[in-house]
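Enquirer: Sequence first, then the predicted structure:
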Amino acid sequence: MDWKILAASFAALVIVSSIILGGFGLGDFFSDIINTIGGFLGSSPFGGLGASGSELSVLILFYPSVFSLETEQAVNLTISPATLEMFDGKITVDYENEIIRLNPENTDLSIELPLQEAIIEDIQFSKIFVEEMDFEIISEESGQTTGTGNVEIFDFSGDFKIGADRVEFNGTSLKISVKTGDSEWELK
């Protein structure tokens, strides 16, 4: 146990040095040392400090009649042939009326466009909650799952696409919780 404390102290010294010397191009050198120490110990001496955890590569499809999404930061929304840059607000896809409605944050402005394919690349969400909707989840870890129910997606990063009959989240997530009827399960 004492050698782990010594290793943690050394790693702390390396981290502080890398912060101070990072501007001199030595950050990669110290990063390699920290990764080597973590591999030697079998885990990080800091219990995951600074680690993002394991990410799942996922494709999540929802088949709604209406789907609403509020951005957590400004994004670029491409609705061919145009791109709306730095949009921050609510996006509603109404498949029943075949429109996309955009409501920028902190305004009363509402923009309605005919339903067509659109994409937001490199979007991030800390949490997405979808209630009572048909879904399909495809990942290397669990294969393909379909159902109807509640889906919570945590720490998503990737692309959001509006399709002709569905919306898609394609990227990585730290955890997905699903509740269908009496059944509940998690993918992480």
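Expert: Looks like it arrived, so ask away. Nothing here was measured: the structure is a model prediction, and the numbers come from that model. Numbering: from 1, shown residues only.
Enquirer: what's around N103, how many residues?
Expert: Neighbours of N103 under the rule other C-beta atoms under 10 Å: 15. No exception for glycine: its C-beta is placed from N, CA and C like everyone else's.
Enquirer: nearest spatial neighbour of it, skipping sequence neighbours?
Expert: K90 (4.3 Å; C-beta to C-beta, 6 or more residues apart in numbering).
Enquirer: what's the answer for I79, then?
Expert: Going by C-beta to C-beta, 6+ apart, I79 has A118 as its nearest residue, at 4.3 Å.
Enquirer: Kindly provide the distance from the one you found to N76.
Expert: A118 sits 11 Å away from N76, going by C-beta to C-beta, to the nearest Å.
Enquirer: just S126 next, same as before
Expert: 20 Å.
Enquirer: More neighbours: those two, which one.
Expert: Shown here are S126 and N76; by other C-beta under 10 Å, N76 has more neighbours (14 against 10).
Enquirer: Secondary structure of that one: a strand, I assume?
Expert: Yes - assessed by DSSP: H, G, I helix; E, B strand; the rest coil, N76 belongs to a strand.
Enquirer: Report the contact partners of it.
Expert: Contact partners of N76, counting by C-beta atoms under 8 Å, 6 or more residues apart in numbering, are T83, L84, E85, M86, F87, I120, E121.
Enquirer: Now do the most centrally placed residue in the chain, the pLDDT please.
Expert: Nearest to the mean C-alpha position of the chain, by C-alpha atoms, centre = their mean, lies F156 at 1.1 Å. F156 carries a pLDDT value of 97.
Enquirer: Fine by me, we can end here.
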